[in-house]
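Asker: Curious how this folds, go ahead:
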Amino acid sequence: MWYPRSNRVSASTALVVGETIYLIDLGHGATQRMAEAFNASTFVNTPGGKIEESQSRFLQNVDALFFTHLHMDHILDYPTLLLVGQNAGLGQSQPLKVFGPGDRGQLEENKTGYHGTIIETPAGSRTPGTKEMTHLLWQAFAQTINDFTLDDGWVDFTTLVDLREIGWLQGSDIAIPLPRHAVAASAAECAPYFIDPNTTPCPSLEPFIVYRNPDNGVTVSATLVDHHQVFPALAYRFDTPDGSVVISGDTGANTCGNLQRLALGADLLVHEVIDEEWIEHQAAVGVPAALIEHLSSVHTKIGEVGGVAEECGVKTLVLNHIVPGNAPVGHLVRAKRNFSGELIIGEDVMQIGIGQPGSGRSTCL
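Answerer: The predicted structure is shown next:
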């Protein structure tokens, strides 16, 4: 969303470990912020002024991208990264590893009485996951992709990414450890599961590992959080040689203890937050009740987030994905209530160091 008098773009975080970059979500505006943060180059003098000596390759250091969920404000700059990224080095030394939710398995319950179009993919899915979304992007942008490969010498776009779905259906690259009677072979066979995405989108479970990088000692774990009716909605923990960072994703305050188990003792908890006074005002001016219910129940209010961070035992709480983006600082500082650690109100391209100086220091942006 666009918020007046705010320069915050949508949800995205970068974690830098040594020279390696890890991305978490890519909401609209995120790739521009990435360029501002990382895109440096060498310039040479010409009679008319300085020009870039060669094309920047700053994206060659991006090792992996992790999607918390597939809402638009977390994925809208994904096509931008895919389409222009290789011109800045994306996927050149090795494919970008993209981790994201798999197929939801069944359509959301119609709680609003909606009678409009339900979008269906050519493969017949109404709840596609990260892999199908990416393949459909190649199709949607076929004209420009084919032109750049055939006419301008760009490499095969489809080789730039290595897609890895985190899901609950058979065939998921990384299985969410949910209780089940049997393995579901497809979205049509979800019945054997104890878990119903429409009624139990955030069952209690232990964190599970989704990625390890032996070259720099980074391990990434995940868990489910409560952003119903989204399923799966994920939070991630990054353990690095310099310390640990947890990204909450979009979630209500009650995650059945999942976030607390994932984030226990972390150095940094980067957590979404919503201004409850803003929600109250939206309700008063006639915003639809269904949206008010969503805002109230599946986001974490300013008055709640400090208590969540305290339960996690983290050293520092960083507020990000602030809704609305123009929420007054006088409201946001209330997040310090019930939290004994340090509070940081996130700003775009803010850099937060982790670990001791001279340690190879990881940085969260």
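
Asker: hey, where'd the helices end up in the stretch 1-150 of the chain?
Answerer: 30-38, 72-75, 78-84, 130-140, 142-151 (DSSP state H, counting those that start in this stretch).

Asker: Make a markdown table out of these and add mean pLDDT and mean neighbour count.
Answerer: C-beta here means a position set from N, CA and C on the backbone, and glycine is covered the same way. Below are these laid out as a markdown table (pLDDT from 0 to 100; neighbours: other CB atoms under 10 Å):
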| stretch | mean pLDDT | mean neighbour count |
| --- | --- | --- |
| helix 30-38 | 93 | 19 |
| helix 72-75 | 97 | 19 |
| helix 78-84 | 96 | 20 |
| helix 130-140 | 97 | 17 |
| helix 142-151 | 97 | 12 |
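
Asker: Relative to residue 332, which of those is closest?
Answerer: The closest of the helices of the stretch 1-150 of the chain to residue 332 is helix 72-75. By CB to CB, the value is 18.8 Å.

Asker: hmm, back to that, could the helices of the stretch 1-150 of the chain go into a markdown table alongside distance to residue 159?
Answerer: Listed next are the helices of the stretch 1-150 of the chain as a markdown table, based on distance: least, CB to CB, whole Å:
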| stretch | distance to residue 159 |
| --- | --- |
| helix 30-38 | 20 |
| helix 72-75 | 21 |
| helix 78-84 | 12 |
| helix 130-140 | 11 |
| helix 142-151 | 11 |
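
Asker: closest one to residue 364 among those helices?
Answerer: helix 30-38 (11.4 Å).

Asker: returning to what we had before: of all the helices of the stretch 1-150 of the chain, which one is nearest residue 334?
Answerer: helix 72-75 (23.6 Å).

Asker: so how many other residues sit close to the residue lying closest to residue 310 once chain neighbours are set aside?
Answerer: Residue nearest to residue 310 in three dimensions, not counting chain neighbours: residue 339, with 4.9 Å by CB to CB, 6 or more residues apart in numbering. Under the neighbour criterion other CB atoms under 10 Å, residue 339 is assigned a count of 20.

Asker: next one: the one 4 residues further on
Answerer: Neighbourhood size, residue 343 [other CB under 10 Å]: 18.

Asker: Tell me what it is bridged to.
Answerer: residue 317 (DSSP bridges).

Asker: Residue 237 belongs to a strand?
Answerer: Yes. Counting by DSSP: H, G, I helix; E, B strand; the rest coil, residue 237 is found in a strand.

Asker: hang on, it packs against residue 246?
Answerer: Yes. Applying CB atoms under 8 Å, one finds residue 237 in contact with residue 246, separated by 4.7 Å.

Asker: Looking at those two, which is more packed in?
Answerer: The residue with more neighbours, out of residue 237 and residue 246, is residue 246; 27 against 23, by other CB under 10 Å.

Asker: The more buried one against residue 313, yeah?
Answerer: No. Between residue 246 and residue 313 there is no contact under CB under 8 Å: 11.1 Å.

Asker: what pLDDT does the closest residue to residue 266 other than its chain neighbours get?
Answerer: Distance criterion CB to CB, 6+ apart; nearest residue to residue 266, sequence neighbours excluded, is residue 244 at 4.3 Å. Predicted confidence (pLDDT) for residue 244: 97.

Asker: Ok, residue 200 next?
Answerer: On the pLDDT scale, residue 200 is placed at 87.

Asker: Likewise for residue 49?
Answerer: For residue 49, pLDDT reads 87.

Asker: how near is it to residue 43?
Answerer: 9 Å (CB to CB, to the nearest Å).

Asker: okay, these two: which has more neighbours?
Answerer: Ranked by neighbour count (other CB under 10 Å), residue 49 and residue 43 place residue 43 first, with 11 against 7.

Asker: Give me the distance between that one and residue 256.
Answerer: Taking CB to CB, one finds residue 43 at 53 Å from residue 256.

Asker: Equivalent analysis for residue 168, please.
Answerer: From residue 168 to residue 256 the distance is 16 Å (CB to CB).

Asker: Show me how far stretch 42-61 is from its chain's centre.
Answerer: Averaging C-alpha positions (CA atoms, centre = their mean, to the nearest Å) puts stretch 42-61 31 Å from its chain's average.

Asker: can you pull the buried residues of that stretch?
Answerer: 56, 58, 59, 60, 61 (16 or more other CB atoms under 10 Å).

Asker: Identify the residues contacting the first one.
Answerer: This points to residue 56. 39, 40, 41, 88, 89 (CB atoms under 8 Å, 6 or more residues apart in numbering).

Asker: still on that earlier bit, got any residues that touch both of residue 237 and residue 246?
Answerer: Contacts common to residue 237 and residue 246, judged by CB under 8 Å, 6+ apart, are 262, 263, 266.

Asker: which intervals of this structure have sub-threshold pLDDT?
Answerer: 1, 53-54, 179-194, 356-363, 365 (pLDDT under 70).

Asker: number of nearby residues for residue 257?
Answerer: 13.

Asker: My guess is it contacts residue 204. True?
Answerer: Yes. Between residue 257 and residue 204 there is a contact under CB under 8 Å: 6.0 Å.

Asker: Could you check how far the residue nearest to residue 15 when sequence neighbours are not counted is from residue 112?
Answerer: With CB to CB, 6+ apart as the criterion, residue 15 has its nearest non-adjacent residue at 4.4 Å, and that residue is residue 22. For residue 22, the distance to residue 112 equals 36 Å [CB to CB].
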